[in-house]
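Visitor: Turn this into a structure:
(chains A and B)
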Amino acid sequence: MRRILLPLLLGVIFLTLQTTLLASLPIQRIRPDIILILTLYLGLFYSPISGGILALFMGFFMDLFSGNSFGLYTLSRPLIFYVAQFFKGRFYLENFSSQFLFVFIFGLVEGLVLLILLSVLNPRPLGHLYPLFFTLLLPQSFFTGLIAPILFFLIRKISLYCSISIRHK
Amino acid sequence: MRIRGLFLFRRYSLPTFIIVLLLSTLILMSLRVKQRKGVEFFDALLMEFCAPFQRGSTFVIKTIQGVFHEYLFLVHLQKENVMLRQKVADLQKESHQLKEMALANERLQKLLQFREKIAPSVVAAEVVGQDPSSWFKSVTIDKGERDKVTKGMAVISPEGVVGQILKIAPHYSTVLLITDYNSAIDSIVQRTRAKAIVEGKGENRCQLKYLLRTEEVMVGDIVVTSGLSGNFPKGLMVGEVRKVDKKGHGVFQYAELVPSVDLTRLEEVLVITQSSLPVQEEKEKKAKKTSLKTERKR
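Guide: From the prediction side, this is the model:
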């Protein structure tokens, strides 16, 4: 239960930061998606059941404050989580560059998934959204990847600290 | 058979769970599209839980930004004289507070004047959060169902159109901005009265759709609401035309416009909770309708 509550709380905090602090950055294109980083962290360190439910909640939170009415993130985030689970034992993900690449690629993959879902679900053609892949998604995924190792480290530290303090009690 | 079935379930319990989870997300999506009340209730519940965090965070960010802009940078520059620095800092702090108050006053006065001019029943709201994703364009405001805000209501600011209400919770709601690709507003070009639909383009830009090729539209033309879409009053500024392209084939031409409102720096907005028509005009319309009915009866 505690193992679920901490990432859920972190999710709410990350969502708050993403919708307020990071949204106030002067350049919108470099705004990193920190909830995606949390979802990928869950993919690497959590079990498929508890992590899957948490990833669904992360997506649900994103959809709540997002302008999309379909609830695309509720689908994309668990999908991303399970793909990350699939790759978790197959790559060495302990250094900066591997973590950066891992998150960067997943950021791009999620963008593609969203674009495909949008073009499938929307009755109107969305041709003007495709250039956003290069102008918006590429820089955003790059910066998300850049801060991912720091956040991975922080989340791991917080989890460790919480588990130690609980054991002491 | 039953035992064998259970064995199979245990063996494939994880794949089954994953399939059920992903299927449930698809069902959730379909429920959202159909706008079922259960999902809306759950959305509102979670929104009510998360939005106060956003509100608090926005307040903290604004305060820190204010301190950095008006106080800390100056402190850094005046190290040589402690006394003078203290005095300057105090004065700066005071002046910042006064400036902030004056700016807020000016903004609110403008909002109030605009509110009196535009419609009798509008609700002023504060922006507490932005869209968490980069694909969609929306903001969260601190007014909801309890303040008589409902889905589809027009959201404006003194500079022009902001968007419309997309989701509502008891105390908060999400506004779909006009730059979102899902947004569409019936409008006219002020100079030529040419009709078109303003659609969002994603990155602080909109495009004019279904603008006939025969219409003469120039860069710098102002686009205003037509009043036909119901929620928006007529004549509200939407934006300024920045690009016109007639090169392609077809019946329509392409025009791009920049919104009149800086949607990245929104702080306060107005939600039109009732029809935008002036009260007198509405009364006249009602009177006309009743007289027509009585004539028909005769």
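Visitor: Which residue ranges of chain A form helices?
Guide: Secondary structure of chain A (DSSP state H): helices at A:2-19, A:34-45, A:48-64, A:72-87, A:96-121, A:132, A:138-168.
Visitor: between those helices, which one is nearest to residue B:222?
Guide: When the helices of chain A are compared for distance to residue B:222 using CB to CB, the nearest one is helix A:132, at 27.1 Å. Placement of C-beta: from N, CA and C, glycine included.
Visitor: about what we covered before: which among the helices of chain A is found nearest to residue B:249?
Guide: Closest of the helices of chain A to residue B:249 is helix A:96-121, at 23.6 Å (criterion: CB to CB).
Visitor: Spell out whether the closest one and chain B are in contact.
Guide: Yes. On the criterion CB under 8 Å from any CB of the partner chain, helix A:96-121 is in touch with chain B at A:111, A:114, A:118, A:121.
Visitor: At which residues are the strands of the stretch 51-200 of chain B located?
Guide: B:122-130, B:138-141, B:154-157, B:160-168, B:173-177, B:184-189, B:195-200 (DSSP state E, counting those that start in this stretch).
Visitor: Mind listing residues that contact the second one?
Guide: By CB atoms under 8 Å, 6 or more residues apart in numbering or on different chains, the surrounding residues in contact with strand B:138-141 are A:19, A:65-67, B:47, B:51, B:54, B:125-131, B:155, B:163, B:166, B:172-177, B:180, B:263, B:266, B:269, B:271.
Visitor: Now, of the residues you listed, which are buried?
Guide: A:19, A:65-67, B:47, B:51, B:54, B:125, B:127-131, B:155, B:163, B:166, B:172-177, B:180, B:263, B:266, B:269, B:271 (16 or more other CB atoms under 10 Å in any protein chain shown).
Visitor: would you put the C-alpha positions of stretch A:87-102 in CSV?
Guide: Output in CSV follows, covering the C-alpha atoms of stretch A:87-102 (Å, rounded to 0.1, in the frame of the first residue of the first chain):
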residue,chain,number,x,y,z
PHE,A,87,12.8,-3.5,-22.0
LYS,A,88,13.8,-3.1,-18.3
GLY,A,89,16.1,-6.2,-18.1
ARG,A,90,17.4,-5.9,-21.6
PHE,A,91,19.4,-2.7,-21.3
TYR,A,92,22.0,-1.3,-19.0
LEU,A,93,20.2,1.8,-17.6
GLU,A,94,22.5,2.9,-14.8
ASN,A,95,24.4,5.8,-16.4
PHE,A,96,23.4,9.2,-17.6
SER,A,97,23.5,8.6,-21.4
SER,A,98,21.6,5.4,-21.3
GLN,A,99,18.8,6.9,-19.1
PHE,A,100,18.7,10.0,-21.3
LEU,A,101,18.4,7.9,-24.5
PHE,A,102,15.8,5.6,-22.9
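Visitor: Report the buried residues of it.
Guide: A:93, A:99-100, A:102.
Visitor: low-scoring stretches of chain B, by residue?
Guide: Residue ranges of chain B with pLDDT under 70: B:1-12, B:35-39, B:68-82, B:85, B:89, B:96, B:115-120, B:230, B:275-298.
Visitor: er, chain A I mean
Guide: In chain A (pLDDT under 70), the answer is A:1-2, A:28-29, A:123-129, A:169.
Visitor: Ramachandran coordinates for residue B:241?
Guide: Dihedral angles of residue B:241 (phi, psi; degrees, to the nearest 10) stand at phi -70, psi 130.
Visitor: Good, wrapping up.
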